[in-house]
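Visitor: Got a predicted structure here, sequence first:
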Amino acid sequence: EAGVAQSPRYKIIEKRQSVAFWCNPISGHATLYWYQQILGQGPKLLIQFQNNGVVDDSQLPKDRFSAERLKGVDSTLKIQPAKLEDSAVYLCASSLGSLEYLLTDTQYFGPGTRLTVL
Amino acid sequence: SQQGEEDPQALSIQEGENATMNCSYKTSINNLQWYRQNSGRGLVHLILIRSNEREKHSGRLRVTLDTSKKSSSLLITASRAADTASYFCATEEGANSKLTFGKGITLSVRP
């Protein structure tokens, strides 16, 4: 079974530039998550999709971050414009998200995209 | 905000020894999960324990959960050099199954 795919793996940009990350979840997984992991910290949830609808985006800095999941499969996360403090690893994860697995749903993580903002 | 707080922050042991890591949290949870992250790579799910469970085993892993104390421990028995990684506890809460991670524990296993 193929895992969660992310690209690019690394990205270096200057502040005020724009950047986009792509995620392809495990086939059949209804729920998709984007996390931000700053060096030395645990991942922080940015946004959660159930199919193509947003379930939780309470920690997404909406003035500069946006995300979409068209057709309920692939997803993109965009930062525009980037700030120095956005330097982090951006992790995408997916889970089955069905009622059958309620309360025991396991999230599967991709390798992440390491963003450096200069 | 980060709910889970792991203890210790770093742990260094000899191969073959057991490693015990602790996690405390603050609010009601659906379940508690432990993840491993090798340097520069994604997180790997290790084990999940539901809020109505007290102990669970998976291979060399043993996890306990005490909801009255809002704490959990992860025991890795007979450690190997390949167990060297960062370990995170994550609490799942709410109807949307939101996962909140701690800051992690760095485990070094010396060959």
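Guide: Cool, got the structure. Numbering: from 1, shown residues only, chains lettered A, B, ... in the order given.

Visitor: Let's see the one helix or strand residue B:64 maps to as PDB, backbone CA atoms only.
Guide: For residue B:64, the host element (DSSP states H and E) is strand B:61-66. Extracted C-alpha coordinates of strand B:61-66, given in PDB (Å, rounded to 0.1, in the frame of the first residue of the first chain):
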ATOM      1  CA  LEU B  61       6.200  -1.800  23.400                       C
ATOM      2  CA  ARG B  62       4.100  -1.500  26.500                       C
ATOM      3  CA  VAL B  63       1.900   1.500  27.100                       C
ATOM      4  CA  THR B  64      -0.200   2.400  30.200                       C
ATOM      5  CA  LEU B  65      -2.800   5.000  30.700                       C
ATOM      6  CA  ASP B  66      -4.000   6.400  34.000                       C
END
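
Visitor: For it, what is the distance to the chain centroid?
Guide: Distance, stretch centre to chain centre, for strand B:61-66: 9 Å (CA atoms, centre = their mean, to the nearest Å).

Visitor: for the next helix-or-strand element following it, packing partners?
Guide: Downstream of strand B:61-66, the first helix or strand assigned by DSSP H and E is strand B:71-76. With contacts defined as 3 or more CB pairs under 8 Å, 6 or more residues apart in numbering or on different chains; DSSP states H and E, strand B:71-76 has these neighbours: strand B:19-24, strand B:31-37, strand B:43-50, strand B:61-66, strand B:85-93. Quick note: C-beta positions are derived from backbone N, CA and C, even for glycine.

Visitor: Going by neighbour count, list what's buried in strand B:71-76.
Guide: For strand B:71-76, a neighbour-count test (16 or more other CB atoms under 10 Å in any protein chain shown) marks B:71, B:72, B:73, B:74, B:76 as buried.

Visitor: I figured residue A:80 hits residue A:66, correct?
Guide: Yes - here residue A:80 reaches residue A:66: they are 7.5 Å apart, a contact under CB atoms under 8 Å.

Visitor: These two: which is more packed in?
Guide: Comparing residue A:80 with residue A:66 by neighbour count (other CB atoms under 10 Å in any protein chain shown), the higher total belongs to residue A:66, at 16 against 13.

Visitor: what sits against the more buried one?
Guide: Counting by CB atoms under 8 Å, 6 or more residues apart in numbering or on different chains, residue A:66 touches A:77, A:78, A:80.

Visitor: so which of these comes closest to residue B:95?
Guide: Checking those against residue B:95 with CB to CB, the nearest one is residue A:77 at 24.0 Å.

Visitor: give the contact list for that closest one.
Guide: By CB under 8 Å, 6+ apart, the residues touching residue A:77 are A:20, A:21, A:23, A:34, A:46, A:47, A:65, A:66, A:67, A:90, A:92.

Visitor: Fine, thanks again, bye for now.
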